[in-house]
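> I need the structure of the sequence given here:
(one chain, ligands or ions: 2)
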Amino acid sequence: MSGGPLVDARPTVSPLPVEPLFQEPVPAPLVPDDWLDQLAAGLTHTGWMSLDVRERLGDELIAALRQEVTTLHLTEAMKAAGIGRGADHMRDRSVRRDRIAWLQGLTVPQATLFDFLEDIRNGLNARLFLGLRRFEAHYATYEPGDFYRKHIDSFAGRASRVVSLVLYLNEDWAAEDGGMLQVFNRDNHDEIVGRVLPEAGRMALFMSEETPHEVMIAQRTRYSLACWFRQDEVPIPL
Ligand code: OGA
Ligand code: MN
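Ligands and ions are numbered 1, 2, ... in the order given. Presented below is the predicted three-dimensional model:
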């Protein structure tokens, strides 16, 4: 081979700053036995409860989950929610108007949350023998004017959704912002037994088959995360 010396003709560029490809770990929430005892007692005695899990989950995790749902919302990744499953599935805007996105547990905040939900699943199984095999979870957004009329999350005997959990992600939610969760008596479906403000860190827990509930009209965009602990093994339809 002949020719002059090899010259590297590539222009010299200063390297771009490289973003780290990992996310900071989020501290794992604590799930002590006596707290699980309280959840089990609430579900047994009245079939529902609301509690504040802000300290347990930590502000960082709640903020990270809120960041995810606001991003999904802005990028229009949230889909109009339906009612029923499979062939019965329909979108009835007179019943519910929220938009949803299923969680896969693949981001750091979701994985941390899934560990927490898994601890609750095991804790409830150990105390109430519910045979909960898995859970599914979705984010939900309600725009101003949106609601979800009085309903039950699952029909008795299907062994599907057994325990419902809702975690709210909104900072500084005021009563005038609407969007309250209204819970009805399991023995008298006309009697309101509780109202839950969808404030960040508030969690509602109830028996899916026996607790009628409704989401009042939101006056401000409302972010939440709903989870169902199930007895069956059916995969989530995506
Ligand atoms: C639901 C539901 C309640 C809420 O998604 O089934 O009832 O407060 N959500 O968001
Ligand atoms: Mn519901």
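> can you give me the helices in the protein?
Counting by DSSP state H, the chain has these helices, from start to end: 33-45, 54-57, 59-74, 108-128.
> to ligand 1, which of those helices lies closest?
In this view, the helices of the chain are compared for proximity to ligand 1 by Cβ to the nearest ligand atom, and helix 59-74 is the closest at 12.1 Å. Any C-beta I mention is one placed from the backbone N, CA and C, and that applies to glycine too.
> ok, now which ones touch the nearest residue to L61 once chain neighbours are set aside?
For L61, the nearest residue in space outside its immediate sequence neighbours is V26; the separation is 5.0 Å by Cβ to Cβ, 6 or more residues apart in numbering. V26 makes contact with 58, 60-61, 64, 108-109, 112, according to Cβ atoms under 8 Å, 6 or more residues apart in numbering.
> count residues in the vicinity of the closest residue to A111 other than its chain neighbours, would you?
Counting by Cβ to Cβ, 6+ apart, the nearest residue to A111 once its immediate chain neighbours are dropped is G105, at 5.5 Å. Using other Cβ atoms under 10 Å as the criterion, G105 is surrounded by 16 other residues.
> so G105 touches F114, yeah?
Yes. Counting by Cβ atoms under 8 Å, G105 touches F114, with 4.2 Å between them.
> touching, L165 and S224? I think so.
No. Applying Cβ under 8 Å as the test, L165 and S224 come out as separate, 10.5 Å apart.
> for L197, the count of nearby residues, please.
Other residues near L197 number 16, with proximity taken as other Cβ under 10 Å.
> what is the burial count for the closest residue in space to it that isn't next to it in sequence?
The shortest distance from L197 to any residue other than its chain neighbours is 5.5 Å, reached at W173 (Cβ to Cβ, 6+ apart). A total of 21 residues lie near W173 under the criterion other Cβ under 10 Å.
> ok, S224 next?
Residue neighbour count, defined by other Cβ under 10 Å, stands at 26 for S224.
> tell me the pLDDT at F206?
Among the per-residue scores, F206 shows a pLDDT of 98.
> ok, now how distant is the residue nearest to E191 when sequence neighbours are not counted from V26?
Counting by Cβ to Cβ, 6+ apart, N185 is the residue found nearest to E191 once chain neighbours are left out, at 4.1 Å. Distance, N185 to V26, by Cβ to Cβ, to the nearest Å: 37 Å.
> does A80 touch D92 like I think?
No. Taking contact to mean Cβ under 8 Å, the distance of 10.1 Å between A80 and D92 leaves them out of contact.
> what is the burial count for E68?
A count of nearby residues for E68, using other Cβ under 10 Å, gives 20.
> now do F229
25.
> that one and ligand 1, how far apart?
13 Å (Cβ to the nearest ligand atom, to the nearest Å).
> for that residue, what are its contacts?
By Cβ under 8 Å, 6+ apart, the contact list for F229 reads 117, 120-121, 124, 130, 132, 134-135, 161-165.
> that one bridge partners, please.
F135, V163 (DSSP bridges).
> which residue does the protein have closest to ligand 1?
Taking Cβ to the nearest ligand atom, the chain has L181 as its residue nearest ligand 1, at 3.7 Å.
> excluding chain neighbours, what is closest to that residue?
L181's closest residue in space is V196 (Cβ to Cβ, 6+ apart), at 4.2 Å.
> per-residue confidence at the one you found?
Note on V196: pLDDT of 98.
> isn't it up against A175?
No. Shown here, V196 and A175 do not form a contact pair, counting by Cβ under 8 Å, at 11.6 Å.
> which one of these two has more residues nearby?
Remark: of V196 and A175, V196 carries more neighbours, 21 against 9, as counted by other Cβ under 10 Å.
> for the more buried one, give me its contacts.
50, 168, 180-181, 183, 202, 204.
> neighbour count added to those, as TSV?
Shown next, in TSV, are those (neighbours: other Cβ atoms under 10 Å):
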residue	neighbour count
S50	18
Y168	25
M180	19
L181	22
V183	23
R202	21
A204	22
